[in-house]
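> Fold the following, please.
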Amino acid sequence: NGGGESSAVVQEVEQGARNFCGRTIDEAMETCSRDKHCPSGLNGECPDGMYCWSHLPDCNVNEMPTPSPTISPKPTPLPTPEPTTRSP
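I've put the predicted structure just below:
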């Protein structure tokens, strides 16, 4: 093979990135998304009735956009200039 240790690790990560759920392999390829990603390759990661398909050529979770960021809550008011309770 001639591949070093590092190439095996990269290939392993790449394999998991191409695993997606679907009732058939065609469905998995046509509808692959972050929601249907099954990194371990196990069917248990998929919704009922779906299977985890591996090595899908046109699906790679690392190339998919991330979900929209959440809007953070408004900042808290500035600290008061004096203590709010009297010292004992």
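> helix or strand right after the helix or strand of the chain with the lowest mean pLDDT?
Sorting the helices and strands of the chain by mean pLDDT, DSSP states H and E puts helix 5-17 at the bottom, at a mean of 54. Counting by DSSP states H and E, the next helix or strand C-terminal to helix 5-17 is strand 20-22.
> Quick one: list the elements packing against that next one.
helix 25-30, strand 51-53 (3 or more Cβ pairs under 8 Å, 6 or more residues apart in numbering; DSSP states H and E). C-beta coordinates here come from the backbone N, C-alpha and C atoms, glycine included.
> Adding mean neighbour count and mean pLDDT, write those out as CSV.
Formatted as CSV, the helices and strands packed on strand 20-22 follow (neighbours: other Cβ atoms under 10 Å; pLDDT from 0 to 100):
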stretch, mean neighbour count, mean pLDDT
helix 25-30, 15, 97
strand 51-53, 20, 98
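> That'll do, ta.
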